[in-house]
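[1] pasting the sequence and the predicted model now:
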Amino acid sequence: MQQDFDSLVGKSSLSEGVDRRGFIKVAMGTGFAAAAMPICAQTVIKTDTVGLTAGEVNINVGGQNVPVYRAQPEGKTNLPIVLVISEIFGVHEHIADMARRFAKQGYLALAPELFVRQGDAGKYGTIAELIKEVISKVPDAQVMGDLDAVVAWAKANGGNTDKLAITGFCWGGRITWMYAAHNPQVKAGAAWYGRIVGEPNSLSPTNPIDIAPTLKAPILGLYGAKDTGIPVSTVEQMKAALAKTGNKSEFVVYPNSGHAFNADYRASYVEADAKDAWVRVLAWFKSNGVA
C-alpha cells in the first residue's frame with residue numbers, strides 16, 4: 001500500500017496566525033491551542049490552498065452560528081463529503097490542514113467548531129483546565145445536531161450526501177463512532193485513537209462500545225499500542241462486539257505508537273505510522289463507496 005505522501009501534503013513553516021505569546025489560535029484554522037504547547041515546529045505539515053476554496057463558513061443551528069472550516073476543490077460540485085472532527089483543542093491549524101489534505105483528494109471537507117457554545121478551546125493553558133471548563137460540558141446530542149446541520153449545508157453547497165464519510169482525532173475519534181451510528185447516511189468512517197469505552201453520564205449516555213450492536217457503517221479504527229489512555233484491550237472488546245453483528249469495520253494497532261500519533265505538531269507524532277494511516281484512510285473511503 002504505497003503512495004507518495006509528500007506529494008499530497010507539503011512541509012513548510014507554521015501558520016501566520018500567531019501572536020507574541022506563541023502559537024495561539026487567532027482565527028479559525030490558524031495557530032495552535034494554548035493547551036497543545038509546546039509545538040514541534042520542525043514536523044508541522046502545511047498544505048497549501050492552490051486549486052482549493054478554503055476558509056471559514058458559518059452555519060446557523062437553532063440560532064447559534066457554528067463556525068466551520070471548509071476546504072474543497074475550486075469550482076467543483078457533486079463532491080464526496082468528509083466531516084473532519086477535531087481533538088479537544090478545537091479547529092486549529094492541524095485540523096484545518098487535515099481538511100485541506102482531503103480537499104486535495106477531491107473531497108468537500110468540513111471541520112466544525114463543535115465547542116462554540118461552551119467556550120474557546122484555544123485559550124486554556126492546560127489540558128486539565130480545557131477539559132474542565134469546556135470539553136466536559138459538551139453534550140453528545142448537541143454534537144449530533146450540529147453535524148446534522150453541517151451535512152445539510154454540504155448537500156446545499158456542492159456536496160453529495162450519497163458519498164458521506166467522517167473522520168476524527170482523539171475526542172473526534174470517539175465522535176466518529178457515535179455519529180456513524182447516529183446518521184445512516186454515513187457510508188464509512190475513520191476513527192483515529194478515539195475512546196471506545198467510558199462511564200456513561202447525562203451528557204454522554206452511551207459510548208462506542210454501546211452502539212456496536214446497531215452500527216451499520218464500516219469504521220477504520222486507527223490506534224496505538226502504547227496509548228495509555230485507550231488500552232488495546234478496549235480495541236479488542238470493540239472488535240469482538242462488531243464481529244457479532246457482521247459489521248465490516250477494521251482496526252489497525254500500531255505497535256510503535258501511542259496516542260495522537262498523527263498530530264504532526266506534537267511530540268507524540270510518529271511519521272511512519274501517520275503516513276501509513278493516511279494512505280489506509282483514503283483507500284478505506286474509496287473501497288466503501290465514498291471517493
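    Received, thanks. This is a predicted model, so every value here is computed, not measured.

[2] residue 287 and residue 227: what is the separation?
    For residue 287, the distance to residue 227 (C-beta to C-beta, to the nearest Å) stands at 26 Å. All C-beta spots, glycine's among them, are computed from the backbone N, C-alpha and C.

[3] higher neighbour count, these two?
    A count of neighbours by other C-beta atoms under 10 Å puts residue 227 above the other of residue 287 and residue 227, at 21 against 13.

[4] excluding its backbone neighbours, what's nearest the more buried one?
    The spatial neighbour of residue 227 that comes closest, neighbours along the chain excluded (C-beta to C-beta, 6 or more residues apart in numbering), is residue 259 at 4.4 Å.

[5] my guess is that neighbour meets residue 230, correct?
    Yes. If you go by C-beta atoms under 8 Å, residue 259 and residue 230 touch, sitting 6.9 Å apart.

[6] who touches both of these two?
    The contact sets of residue 259 and residue 230 overlap at 193, 224 (C-beta atoms under 8 Å, 6 or more residues apart in numbering).

[7] shaky segments in this protein?
    1-26 (pLDDT under 70).

[8] strands along that one, start to end?
    Using DSSP state E, the strands found in the chain span residues 52-61, 64-73, 79-85, 108-112, 159-169, 186-192, 219-224, 250-254.

[9] check the offset of the third one from the chain's centre.
    Its chain's C-alpha centre and that of strand 79-85 lie 10 Å apart, by C-alpha atoms, centre = their mean, to the nearest Å.

[10] with the last one instead?
    The gap between where strand 250-254 is centred and where its chain is centred comes out at 17 Å by C-alpha atoms, centre = their mean.

[11] contacts for it next, please.
    Strand 250-254 has contacts (C-beta under 8 Å, 6+ apart) with 218, 220-225, 232, 235, 238-239, 261, 270, 273, 276-277, 280, 284.

[12] what angle do it and strand 186-192 make?
    Per axes from the mean of the first three to the mean of the last three C-alpha atoms, to 10 degrees, the angle that strand 250-254 makes with strand 186-192 is 10 degrees.

[13] and if you look at the fifth one?
    Using the same axes, to 10 degrees, the inter-axis angle of strand 159-169 relative to strand 186-192 is 20 degrees.

[14] got the buried residues for strand 159-169?
    Of the residues in strand 159-169, those buried by neighbour count under the rule 16 or more other C-beta atoms under 10 Å are 159, 161, 163-169.
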